[in-house]
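> How does the following fold in three dimensions:
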Amino acid sequence: MKTFRIFILCVLCALTAQAQKQYQLASPDGKLKTTITTGKQLTYDITLDGQQVLEASPLAMTLDNGEVWGEDDKPSKASRKSVNEKVPSPFYRATELLNHYNELTLQFKGFNVIFRAYNDGIAYRFVNKGKKPFNVVNELVDYHFPADGTASVPYVKQRQGQNRWANSFENYYANEPLSKLEKEKLIFLPLVVSMDNNVKVCITEVDLENYPGLYITGQGNTQLTGEFALYPKRTEQGGHNNLQMIVKETENFIAKVDKPRNFPWRVAIVTNDDKKLASTDLGYVLAEPSRLEDISWIKPGKIAWDWWNAWNLDGVDFKTGVNNDTYKAYIDFASKNGIEYVILDEGWAVNKKADLMQVVPEINLEELVAYANGKNVGLVLWAGYHAFNRDMENVCRHYAQMGIKGFKVDFMDRDDQEMTAFNYRAAETAAKYKLILDLHGTHKPAGLNRTYPNVLNFEGVNGLEQMKWETLRTAQVEYDVMIPFIRQVSGPMDYTQGAMRNAAKGNYYPCYYEPMSQGTRCRQLALYMILESPFNMLCDTPSNYEREQECTDFISGIPTVWEESIVLDGKMGEYIVTARRNGDTWYIGGITNWTSRDLEIDLSFLGDKTYTGKLFKDGVNAHRIGRDYKSEAIKVKKDDKVKIHLAPGGGFALVLK
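All right, here's what the predicted structure looks like:
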C-alpha cells in the first residue's frame, strides 16, 4: 500500500511538471532576470545580481464570458527577440534614448503575454488577439516581495461624496513597511519599495490608453495587490465650478474591449543605484511611438503664470485681476524676458457655465492675441474638463483660428477607462488644430507624451501650488527630493516652480494671495534643472521677478528641453544633483532636504575645453533668510571639482558655457 501511494505521488508530480513550464528572460547585461512559469497560474519573478527582488507573482485577466487569461493556460508558442536601437525623444530629457531589451512573447489561445527585460527593469503586458467584443471584469496584478521592505507611497485622498477612485493624484509620500501599509487606502502610481542592499523597485505602468489606471493596496504582509476603477455607468455634472463629471454609478467591470488591442505595460524598475532610478527612460521607450508625422509646429517653452500669484502686480495704475490690462502687463513682462507664453488661467470664461465660448466681459481675447503676437508671445487658455470635453472639436477649431496656441485642461480627477480615453482624444483633437496641451488634474504621464508629443506636460504631482494653503507641518522640501526618484520616473510634470518669496525652515506660513516657497531661493532656481517640464511655469508675479532681475535672467535663459541629461549624484529622500545639456551649454542644479549638506560636483562629463559660467549658491544666512543667495563667475575644466555648501532646504544652480 505504501509503495502504491509513492507511485501515485510520483505520477502526480510528473503530471504537475508536464503542466508547468518555465521560461527564463534576462536583461541585456545579464544582471536582471525573470523566470516566467505557465500552467495552473501564470507567474513571474525578478532577481538582481542573484538577489531575489520579487517572488513568483501571479498575473491574470478575467473576462465577462468566464475566461481567465493566465490560469490553466498552456502557451502554443514562445518566441524571442532582442532590440538595441535609439529612439527619437523630442521635447524630453535627451535628443534620443536607448531602447535596449530582450523580449519573450508567449502565445495562448486568444491572447498573448509579452515580457521585456531591460537593464533597469522588467515589464509585461497582455495582448488581445480576438475580434469579438468583451468586458474585462478584473486584472490580477500582484507583487510578492520576499521581505518587509520600506514602501514610499502616495495615498489617494478620499473625496467626500465620490467613489474611492476619484482624486487629483496629489499627495506627499508615506514611508512605511510593506506590512504596515493602510489596507483600506488606495495608493496611486508610481511608488517605490526599498529593500536590502539599497535595491529599489519602482512600480508604474505605460501605454495607459483606453484602460483604467492601476492602483495598489497593501495586504498587511509583504504583498501588494492591484485595483482598478470600475467603468462609469452614470455620471453627473458637478464638482469644482460644475466643471467635472462625478461618477454616481458604476458597472461591474473595469473596461470594454471591442477589437484586438495591447493592454498597458506593467513595469517594475529595479536598481541598486538611486541615480539610475532617477535616470530611467522606461516610461518613454515602452510607450507607443508618435502618431504625429509633423511635429515642427510644437513649441515647448516657459510660461508666465497668473493664478499662483493671484494676478498681483504692484506699481501699476490699474486694478489687477482677470482683465486685459493685467494680461497685457504679463505679456510685456514675458516679451521683455524672452518667455514664450502667457497663460490665462481659470477666470477668463464665465464661471459655472462649463462653456468655453462664453468669455467674461473684462476680457477681449482677440485684442489680447493681437497684442501678444506683436510681442512674439503665445497665449494659452485654461479649460475645465467638462467644458473642454463637451465641445472639444468646436473649441479647438475656434480658438486655434483665433491664434491661441494651446490649452491647460484641468479637473479630470479620475483615471477610469472613460477618462484615459478622453486624454488620448484630447491629444488627437488638439494636434489636429496644431494646439499644445498641458493636462492638469490628471494621472501620471504613462507614455502619452511620446505618442502625442503635443502633450507637453502633466500634473499628477503635489506641486508648488500647495504652498498657497498647506499647513505649517508641510514638508514640501522633503517631497522635492522624493519626486525625481518616483513621480518623475513616469515623465514630465507641471510642478510650477520659480517662487521669489522663499521661507527658510520655520518661516513658512500659508498665504493664498502672496504665497511663498519652502527652502531657499537657489532651491527654486535649481528646480528648473532637477525637474522635467517642457512647458514650464514661472509661478510668481512679474513685479517680484522685476525686483529680482538677476534670478529672472537666469530662469528665462534656462531651456525646457535637453539634448543630454545626467544625474550626477543623489539619494532618494535626501538630495539630488542633475546636469543637463542644451547645445554646448550645461545647466547643473542640486537640492537637499532640511539637512544642510556639502557637495563636491564631479565635472568629468565636460568636454576637453575650458568652461566659464555663473554659480548661484545659498548665502551665508540662507538658513535664516531663504532669499539670501550669492552669485559668482566661475571657470572650470573637466578635471575640476566644485565644492558647494547647501543650507537646510537649499540648493545651487550652475550654468557653464
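> CA atoms for contacts and neighbours, from now on please.
Will do.
> where's the residue nearest to residue 189 when sequence neighbours are not counted relative to residue 167, distance?
Computed as C-alpha to C-alpha, 6 or more residues apart in numbering, the closest residue to residue 189 that is not its neighbour in sequence is residue 204, at 5.6 Å. Residue 204 sits 17 Å away from residue 167, going by C-alpha to C-alpha, to the nearest Å.
> Which one of these two is surrounded by more residues?
Just comparing residue 204 and residue 167: by other C-alpha atoms under 10 Å the higher neighbour count belongs to residue 204, 27 against 24.
> and that one, what does it touch?
189, 190, 191, 266, 267, 268, 490 (C-alpha atoms under 8 Å, 6 or more residues apart in numbering).
> all helices in the stretch 401-550 of the chain, in order from the N-terminus.
In the stretch 401-550 of the chain, helices defined by DSSP state H, counting those that start in this stretch lie at 417-432, 448-451, 476-480, 521-530, 542-547, 549-556, listed in chain order.
> Would you mind finding the most buried of those helices?
Highest mean neighbour count of those: helix 521-530, a mean of 28 (counted as mean count of other C-alpha atoms under 10 Å).
> the bottom helix or strand of this protein by mean pLDDT?
helix 2-19 (a mean of 47; mean pLDDT, DSSP states H and E).
> Starting from that helix, tell me the next helix or strand along the chain.
On the C-terminal side of helix 2-19, the closest following helix or strand by DSSP states H and E is strand 21-26.
> Please give the three-state secondary structure assignment for the residue nearest to residue 189.
Following DSSP: H, G, I helix; E, B strand; the rest coil, the label given to residue 204 is strand.
> And it, what's its pLDDT?
Turning to residue 204, the model gives it a pLDDT of 98.
> One more: residue 473?
On the pLDDT scale, residue 473 gets 83.
> Could you tell me the phi and psi values at residue 566?
Main-chain torsions, residue 566, degrees, to the nearest 10: phi -140, psi 130.
> Enumerate every residue touching it.
Shown in contact with residue 566 (C-alpha under 8 Å, 6+ apart): 279, 578, 579, 580.
> one step back: from the contacts of residue 204, which is closest to residue 116?
residue 267 (9.4 Å; C-alpha to C-alpha).
> what's the spacing between the nearest residue to that closest one once chain neighbours are set aside and residue 264?
Spatial nearest neighbour of residue 267, excluding adjacent residues (C-alpha to C-alpha, 6+ apart): residue 123 at 4.4 Å. Going from residue 123 to residue 264 by C-alpha to C-alpha gives 10 Å.
> Over to residue 437?
Distance from residue 437 to residue 264, counting by C-alpha to C-alpha: 22 Å.
> Please identify which of these two sits among more neighbours.
residue 437 (27 against 24).
> what separates that one from residue 657, distance-wise?
Using C-alpha to C-alpha, residue 437 is found at 32 Å from residue 657.
> I'd assumed residue 89 was in contact with residue 96.
Yes: counting by C-alpha atoms under 8 Å, residue 96 sits close enough to residue 89 to count as a contact (4.9 Å).
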